[in-house]
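Engineer: structure for the following, please:
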Amino acid sequence: MKLSICIPFKNDFTEIGDVVNHISHTISSSDYEIIIYNDGSFDGELRPLPLEFFHPNIRVINSNKSFGVGGAFDRAVEASTGEVLILQGSDVYPIGGWYNQVMEAVQSYPNTLGCSVCVGISPDNLDLYNPKNLKRYGADLLFYVDNDDLPKNSELRQRPGGYTSLFKAKWLPGKQGDEPYEIPCVLGAFYFCTKEYYKSLGGWDTVGGNRYMGHQNWGHLEPYISLKSWLVGGGCMMFPHIEAAHLFDRVSETRPPARRRPKIRRRKLSKGGRSEVWMHWNKIFILETMIFDEELKKKLYAFMHPELNWGVARALIKEHQNAVQRVKDQNRLKFKYGHKIFEERFGYDFNDIK
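Structural biologist: From the prediction side, this is the model:
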């Protein structure tokens, strides 16, 4: 089977060349392609900046418009020709014999979204095999965030009620075994599945006629696709023998000065922006299109703290209700399970929500 490695890219020029070079030299097959989706990269004057690679197995799709990381993934997958997909960040280095391990994992578990171990590295320590590197094994999926989920020194604990957010990924405490096992949520920026399974999920719902649809931001990506994977009857799997190093704390060398960034108006927002509003959109979009239990939906809406300004995002949801309803209707037909699968598999208690 052919492998398509899909890499969303935006302004991360510092690492992308090294990452692609690393993949090309560690893959034990010639039947692969690397698709880099350049999601509206820009130079210091906010002009579109193309990306070029000259290699027969590498394709670059340069877009003058930013669609966000979910949109970049969807468009890269749409252009792919392989039967197996790897969805990874532009700062991620797969480790060891990753190719054979991924292909075996996908063939053994064709109806799940696979996740590798996330090995943390930094610019000061680029040794992928350093035994001191911190390793993370997937994430919990928090339907809502309250005081118990916050760090002890967090200022958010001072807010009345303590609640702050919805649908958040939180690192699991550690490794749960040597064999593949289920996890609530993928995390770590190196995921894999068959292309057929990705299509059954619908990706991040961003390839459509209406631009107000699906994932709208370069953040909060994993809860969206993980919840969809569970609801269609598949799920998320951790493969503890597959590792990928994620470079943290780097600075993009072409990020424009803050004073030259365009101002974002409250109601006229550019797709793929980093605004708080789009982050809230992503979470409300999950609520509206994936949670069909009206009582639970009402409870979760109560966790939107007024200090965090959810109002604009909710207004946008209402303004583009037709697009939202279209995705909701598709999901009603597609999803085989409800949210209660998290009670059955992971011990969630939604009745405990006050």
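Engineer: for the rest of this, base every contact and every neighbour count on C-alpha atoms.
Structural biologist: Fine.
Engineer: what distance do you get for the closest residue to Trp310 other than its chain neighbours to Glu295?
Structural biologist: Closest residue to Trp310 apart from its sequence neighbours, by C-alpha to C-alpha, 6 or more residues apart in numbering: His280 at 6.2 Å. From His280 over to Glu295 the distance is 20 Å, taken as C-alpha to C-alpha, to the nearest Å.
Engineer: ok, now Lys328?
Structural biologist: From Lys328 to Glu295 the distance is 17 Å (C-alpha to C-alpha).
Engineer: cool, Lys10 as well?
Structural biologist: Counting by C-alpha to C-alpha - Lys10 and Glu295 are separated by 40 Å.
Engineer: likewise for Asn62?
Structural biologist: Taking C-alpha to C-alpha, one finds Asn62 at 44 Å from Glu295.
Engineer: the more surrounded of these two?
Structural biologist: Asn62 (18 against 9; other C-alpha atoms under 10 Å).
Engineer: isn't the more buried one right up against Ile35?
Structural biologist: No: using C-alpha atoms under 8 Å, Asn62 makes no contact with Ile35, being 10.7 Å away.
Engineer: wasn't Asp140 part of a helix?
Structural biologist: No: counting by DSSP: H, G, I helix; E, B strand; the rest coil, Asp140 is not found in a helix; it is strand.
Engineer: could you list the low-pLDDT ranges of the stretch 251-354 of the chain?
Structural biologist: 251-275, 305-309, 354 (pLDDT under 70).
Engineer: where do the helices of it begin and end?
Structural biologist: 276-290, 294-301, 311-319, 321-334, 341-346 (DSSP state H, counting those that start in this stretch).
Engineer: please name every helix or strand in contact with the first one.
Structural biologist: The reference is to helix 276-290. Using 3 or more C-alpha pairs under 8 Å, 6 or more residues apart in numbering; DSSP states H and E as the contact definition, the elements that helix 276-290 packs against are helix 222-231, helix 311-319, helix 321-334.
Engineer: so what's the residue sitting nearest the centre point of the chain up against?
Structural biologist: Per C-alpha atoms, centre = their mean, the C-alpha nearest to the average position across the chain is that of Leu221, at 2.7 Å. Leu221 makes contacts with 69-70, 215, as judged by C-alpha atoms under 8 Å, 6 or more residues apart in numbering.
Engineer: same question for Glu33.
Structural biologist: When contacts are taken as C-alpha under 8 Å, 6+ apart, Glu33 is in contact with 3-5, 57-59, 82.
Engineer: try 7 Å
Structural biologist: The contact partners of Glu33, by C-alpha atoms under 7 Å, 6 or more residues apart in numbering, come to 3-5, 57-58.
Engineer: taking those residues one by one, which sit in strands?
Structural biologist: Mapping these onto strands (DSSP state E) picks out 3-5, 58.
Engineer: and the longest strand belonging to the chain, what's buried?
Structural biologist: Looking across the chain with DSSP E, the single longest strand is strand 236-247. By 16 or more other C-alpha atoms under 10 Å, the buried positions in strand 236-247 come out as 236-240, 242-247.
Engineer: and the residue lying closest to Asp349 once chain neighbours are set aside, how many neighbours?
Structural biologist: Spatially, and ignoring its direct neighbours in sequence, Asp349 is nearest to Glu343 (6.1 Å; C-alpha to C-alpha, 6+ apart). Residues lying near Glu343 (other C-alpha under 10 Å) number 11.
Engineer: gap between Glu343 and Trp171?
Structural biologist: 19 Å.
Engineer: next: Ile183.
Structural biologist: 11 Å.
Engineer: find the residues that touch each one of these two.
Structural biologist: Common neighbours of Ile183 and Trp171, using C-alpha under 7 Å, 6+ apart, are 138-139.
Engineer: more neighbours: these two, which one.
Structural biologist: Between Ile183 and Trp171, Ile183 has the larger neighbour count (other C-alpha under 10 Å), namely 24 against 16.
Engineer: quick one, phi/psi of the more buried one?
Structural biologist: phi -130, psi 150 (degrees, to the nearest 10).
Engineer: from Tyr37, how far out is it?
Structural biologist: 28 Å.
Engineer: for His246, same thing?
Structural biologist: From His246 to Tyr37 the distance is 19 Å (C-alpha to C-alpha).
Engineer: now swap in Thr206 and tell me
Structural biologist: 14 Å.
Engineer: more neighbours: those two, which one.
Structural biologist: Tyr37 (27 against 22).
Engineer: could you double-check that that one lies in contact with Ile5?
Structural biologist: No: proximity of Tyr37 to Ile5 does not meet the contact threshold set by C-alpha atoms under 7 Å, at 10.8 Å.
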